[in-house]
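In: any chance you can model this:
(one chain, ligands or ions: 1)
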Amino acid sequence: MITRQHGAEHRFTGRFLIDSSGYGGTLVKLLGLHDAPAGNGRMALFAQVRETEEHRARYFEPMQISFEVVARDLWFWSIPFSDGRTSIGFVGDNSHFAEAMASGSNAMAMNRMLEKQKAFDDRYAKVEFVHGPQCIREYTHYNQALTGERYVLTGNCAGFLDPVFSSGVAFATESGLRAAKLLDRQLRGEAIDWKSEYEDHIRSGAEVFRTYVDTWYDGDLQDIFFAEEVEQSHKERIVEVLAGYLWDSTNPYVSKHGKAVRALAQTIRLRDAERRAKAATGLH
Ligand SMILES: Cc1cc2nc3c(=O)[nH]c(=O)nc-3n(C[C@H](O)[C@H](O)[C@H](O)COP(=O)(O)OP(=O)(O)OC[C@H]3O[C@@H](n4cnc5c(N)ncnc54)[C@H](O)[C@@H]3O)c2cc1C
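Out: Numbering: from 1, shown residues only. Purely as a prediction, here's the structure:
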């Protein structure tokens, strides 16, 4: 390894490398570990903008972290920071961006996309971009191998699912902590099976989260989120998953994630259709 800081260079050799370089993907690039993206046709266009306090004061609850579902498969986030910068971004199916991206620059494309959102009114219509806008296409991927001879990949180096529901930080913290604890045991002389103790663990969590990402974009999860009535116990279990408790096998929304989310969405749709039919005929 070579580290460079303030003109000084340090070379050293370690017994093991935990690569946590995020989007930098140091080992991923050096060893060619990147696998093909999932090819789900989604992209993100995002930026940081500068806002004055006076400007923010014109809008309702301006410091609230918030998002808008612009279409079933397109959403917009707004994350204000205390120093006057605000992170904004659109994520969704490529088709929603095609026209805007044809405008020639990311800045023009972002301004065109901003015309699609309604919840924030004209708040971002004339703001200064201080970072980006930047565009990432086909961002969903998970590397074929998360561990190898004397190295392990954590966080975004291992893979990235989707910005919806903040899985990025959840996986970065879980994988980083687990890698560090396993390595500590290994350096104390224990034999560690990195494939089963690390890789399979991270991958199983990613599989669970992927169900929630996919059902968000195909609408099942939105039918649950925006239903007039959902039993409290279901809500709590789903929130637990999205809060990062992806390995709690006592939660059916973890252990049977694929079936459970779709079954609940279907039940809600049938119940609501029945209610609408009854209301139309005047029956109760
Ligand atoms: C605009 C945007 C908004 C996001 N919002 C959210 C959100 O609200 N919630 C959420 O959960 N996730 C969010 N994410 C995703 C989240 O930021 C990442 O998933 C998460 O930060 C990954 O953590 P990490 O530790 O793997 O990598 P990083 O946080 O990227 O950290 C990697 C670090 O390694 C350093 N580094 C890289 N290469 C080298 C090198 N060669 N030598 C030394 N250091 C190096 C980098 O400078 C960086 O400090 C967002 C991402 C973006 C782009």
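In: near the ligand, which residues of the stretch 51-200 of the chain?
Out: Applying C-beta under 6 Å from any ligand atom, we find that the stretch 51-200 of the chain lies next to the ligand at S87, G89, G155, N156, F160, P163, S166, G168, V169, A172. All C-beta atoms are positioned from the backbone trio N, CA, C, and that covers glycine.
In: can you say which of those residues are buried?
Out: Among those, those that count as buried by neighbour count (16 or more other C-beta atoms under 10 Å) are S87, G89, G155, N156, F160, P163, A172.
In: can you list contacts of the longest helix along the chain?
Out: As assigned by DSSP state H, the longest helix anywhere in the chain is helix 257-281. If you take C-beta atoms under 8 Å, 6 or more residues apart in numbering as the criterion, helix 257-281 is touched by 207-208, 211-212, 215, 220-221, 223-224, 227-228, 230, 234, 238, 241, 252-253, 284.
In: can you tell me which of those are in helices?
Out: Counting by DSSP H, the contacts of helix 257-281 contribute 207-208, 211-212, 215, 220-221, 223-224, 234, 238, 241, 252-253 to helices.
In: reformat the residues you listed as a markdown table; add neighbour count, distance to S66 and pLDDT.
Out: Written out in a markdown table, the entries for the ones in helices among the contacts of helix 257-281 read as follows (neighbours: other C-beta atoms under 10 Å; distance: C-beta to C-beta, whole Å; pLDDT from 0 to 100):
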| residue | neighbour count | distance to S66 | pLDDT |
| --- | --- | --- | --- |
| E207 | 13 | 29 | 94 |
| V208 | 21 | 26 | 96 |
| T211 | 21 | 25 | 95 |
| Y212 | 22 | 20 | 96 |
| T215 | 20 | 22 | 95 |
| D220 | 21 | 23 | 95 |
| L221 | 23 | 18 | 96 |
| D223 | 21 | 21 | 95 |
| I224 | 21 | 20 | 96 |
| H234 | 18 | 24 | 96 |
| I238 | 21 | 20 | 97 |
| V241 | 22 | 22 | 96 |
| P252 | 14 | 30 | 97 |
| Y253 | 24 | 25 | 97 |
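In: how far is the longest helix of the chain from where the chain is centred?
Out: In terms of C-alpha atoms, centre = their mean, to the nearest Å, the centre of helix 257-281 is set 27 Å apart from its chain centre.
In: ok, now stretch 22-36?
Out: For stretch 22-36, the gap between its own C-alpha mean and the chain's C-alpha mean amounts to 19 Å (C-alpha atoms, centre = their mean).
In: start to end distance for it?
Out: This stretch, stretch 22-36, spans 17 Å end to end (C-alpha to C-alpha, to the nearest Å).
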